[in-house]
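Okay, predicted coordinates and the sequence, questions at the end:
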Amino acid sequence: MKEGSFMRGLKGLSLVSAAVIAVTAGFAQVKYSAEGVKTVNESTVTERVTLYDYIALHKDAAYANGNISLSANEAVLNGTQIKEVNGRQNAVLFDENGSAIWRVQTERDAKYLVNLSYIAAENGTEDIDLSLNIDGAAPFYSADHISLKRIWKDDGEIKPGSNGNDIAPKQKESLEWQNENLKDYSTYYNGDIELFLTAGTHEIKITAGSPAALADITLTGKKEISSYDTVEKEYERNGYKPAGDINLKTQAETASRKSDSTLIPVYDSVSSATD
């Protein structure tokens, strides 16, 4: 390549690099930004942050002592209805993009987990998608897309193919009620979603991105996990005996329930100890 062509190439590369930097900078500026939103308790949301940063911001706040039940009969419904769904009475059945709003009263500043029962309203391949707003705004960035896992099962047994190799069964969805705390699977923080509410009146809005039914929605404090010593003493009081030398073996390939249709048995020849 001649020197002139080489220099022109460098200049062209510099222009492309500059454009990439400019575009990247633009994304960096808008990634978590949002317009200020006046809320019911007169606070203003000027920036949307990650759940990790949101939890860190309120790390010193106490968890709620009691529960707040979001009753279906007290919700303001839009594109939703209250009905019996798969044996569960008074469930809130959401159409796609349907929403429900609850007004709640809190006595003091506190953190809450969101516990609920849910079921997909129809078969699908993607996770159930929800969005959660407090006083007209998403409290953190990923609150616009909260995933609820479906239940998948093997549609049949593992069978040998014509060449003698095992063939994984197809997957089928099982429409069952599940009870979970809302979680965030989108970031490095892979745990329960925590909501911080100041003392006063608040509006909680849930919108479904895909058809689903919700029931027993509750804002609750965090359960304290008992220490090993405490549990051991409780077991002794209940008369439980040590199991002894028991080796329980479970084949992962025969899982009865899975949270994703991609969780299927695959061939593994890494170790001779593999069954």
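Nice, thanks for sending it over.

for the chain, which residue is closest to the average position?
Compute the mean C-alpha point of the chain, and by C-alpha atoms, centre = their mean the closest residue is Lys183, 3.4 Å away.

do you know how far that residue is from Ile193?
From Lys183 over to Ile193 the distance is 6 Å, taken as C-beta to C-beta, to the nearest Å. Heads up, the C-betas are built off the backbone N, CA and C, glycines and all.

and for these two, which residues touch both?
The contact sets of Lys183 and Ile193 overlap at Ile146 (C-beta atoms under 8 Å, 6 or more residues apart in numbering).

Return the helix or strand in this protein with minimum mean pLDDT.
strand 33-38 (a mean of 37; mean pLDDT, DSSP states H and E).

about what we covered before: just give the nearest non-adjacent residue to the residue nearest to the centre of the chain, would you?
In this structure, Lys183 finds its nearest non-sequential neighbour in Asp192, 5.9 Å apart by C-beta to C-beta, 6 or more residues apart in numbering.

quick one: contacts for that neighbour?
113, 181-183, 222.

Could you do Ala75 as well?
Ala75 touches 92, 100-102, counting by C-beta under 8 Å, 6+ apart.

among these, which two are most distant?
Val92 and Ile101 (11.1 Å; C-beta to C-beta).

So if I had to pick from those two, which one is more boxed in?
Val92 (27 against 17; other C-beta atoms under 10 Å).

what bridges to the more buried one?
Val92 has these beta-bridge partners by DSSP bridges: Ile82, Leu214.

my guess is it meets Leu77, correct?
Yes - with contacts counted by C-beta atoms under 8 Å, Val92 reaches Leu77, the gap being 7.4 Å.

what residues do those two have in common as contacts?
Ala100.

how close does the residue nearest to Pro265 when sequence neighbours are not counted sit to Ile264?
Once flanking residues are discounted, Pro265 sits nearest to Glu253: 3.7 Å by C-beta to C-beta, 6+ apart. Relative to Ile264, Glu253 is positioned 8 Å away (C-beta to C-beta).

Quick one: the helices in the stretch 101-250 of the chain, in order.
Secondary structure of the stretch 101-250 of the chain by DSSP state H, counting those that start in this stretch: the helices cover 228-237.

Show me the shaky parts of it.
187 (pLDDT under 70).
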